[in-house]
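I would like to see how this sequence folds:
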Amino acid sequence: YVGGITPGYLSLAEGLLAGQGYSFLGYPPGYALLIAAMRLAGAGVPDGLRMAQAAIDCLGVPLVYFLMRRAGAASPLSLCAAATYAAYPLFAAGSTMLLADFISPVSVLAALALAVLWSERDRPSPALLAGSGVFLGLGGSDATERMLSALNMGPWAVLAFFMFVVYLAGFLLDWASILL
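The predicted structure follows:
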């Protein structure tokens with residue numbers, strides 16, 4: 001599948017490789033930079049890019065396992081969750097399309113894993129902070145926005161939802177600080 005905005009991303013990547021810089025403000029430069037980096041590494045268009053995207057998408061499997069284990073799930077359940085992620089048709093088929101959205105599931109899982117690792121430290125390391133910046137640079141905020149719009153709630157319902165989440169997080173954090 002090469003369609004939609006894919007030719008635009010490919011031309012932006014070619015422009016970056018030619019030293020023209022990134023001047024398009026419609027999308028974050030993360031995917032164009034990723035395509036340019038994959039082209040420098042020898043990935044051809046489009047089949048080499050598809051293979052590289054599939055390899056990147058495979059990184060989500062150990063991330064799912066890691067997050068499940070940190071959440072307290074038993075090893076067999078964590079393996080089942082990782083296998084489900086690996087075989088889920090939307091992710092499996094999406095990793096072969098030249099679309100910026102292929103990296104959304106992996107980047108969200110990586111951001112969650114970074115948050116878990118960050119919470120286990122006394123103070124955040126520069127690498128974890130840099131990982132958060134990479135998440136945003138690869139379009140993580142766009143993925144978050146799409147997830148929110150998929151909830152099909154009005155602006156006040158989204159606000160109420162986040163207020164509830166903040167309330168629960170504050171409650172749990174306060175409770176944990178009292179116990180610890």
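
for residue 64, see how far away the residue most central in space within the chain is.
Residue closest to the average C-alpha location in the chain (C-alpha atoms, centre = their mean): residue 107, at 1.7 Å. Going from residue 107 to residue 64 by C-beta to C-beta, to the nearest Å gives 13 Å. C-beta here means a position set from N, CA and C on the backbone, and glycine is covered the same way.

cool, residue 29 as well?
For residue 29 relative to residue 64 (C-beta to C-beta), the value is 28 Å.

quick check: phi and psi on residue 23?
When quoted as degrees, to the nearest 10, the phi and psi of residue 23 stand at phi -120, psi 0.

and for residue 71?
With angles defined as degrees, to the nearest 10, residue 71 sits at phi -80, psi -10.

I'd like to know how many residues surround it.
When counting by other C-beta atoms under 10 Å, one arrives at 11 neighbours for residue 71.

so how far is residue 85 from it?
Per C-beta to C-beta, residue 71 is found 14 Å from residue 85.

again, but for residue 76
Taking C-beta to C-beta, one finds residue 76 at 15 Å from residue 85.

with residue 62 instead?
According to C-beta to C-beta, residue 62 and residue 85 sit 10 Å apart.

ditto for residue 63
In terms of C-beta to C-beta, residue 63 sits 8 Å off from residue 85.

same deal with residue 20?
Taking C-beta to C-beta as the measure, residue 20 falls 38 Å from residue 85.

residue 76 and residue 85: which is more packed in?
Remark: of residue 76 and residue 85, residue 85 carries more neighbours, 22 against 8, as counted by other C-beta under 10 Å.

find the nearest non-adjacent residue to that one, please.
Using C-beta to C-beta, 6 or more residues apart in numbering and skipping residues adjacent in sequence, the residue nearest residue 85 is residue 64, 4.6 Å away.

so for that neighbour, what's the pLDDT?
Note for residue 64: predicted pLDDT of 89.

residues near it, how many?
Around residue 64 there are 22 residues (other C-beta under 10 Å).

how close does residue 80 sit to residue 6?
For residue 80 relative to residue 6 (C-beta to C-beta), the value is 34 Å.

before we move on, the earlier item: buried ones in the helix or strand the residue nearest to the centre of the chain falls within, by neighbour count?
In this assignment (DSSP states H and E), residue 107 forms part of helix 104-119. For helix 104-119, the neighbour count (16 or more other C-beta atoms under 10 Å) marks 104-114, 117 as buried.

check stretch 32-47 too.
By 16+ other C-beta under 10 Å, the buried positions in stretch 32-47 come out as 32-36, 38-39, 43, 45-46.

can you give me how far it is from the chain middle?
The chain centre lies 19 Å from the centre of stretch 32-47; the measure is C-alpha atoms, centre = their mean, to the nearest Å.

report all helices and strands that the helix holding residue 107 contacts.
If contacts are counted by 3 or more C-beta pairs under 8 Å, 6 or more residues apart in numbering; DSSP states H and E, helix 104-119 sits against helix 47-57, helix 60-70, helix 126-137, helix 140-150.
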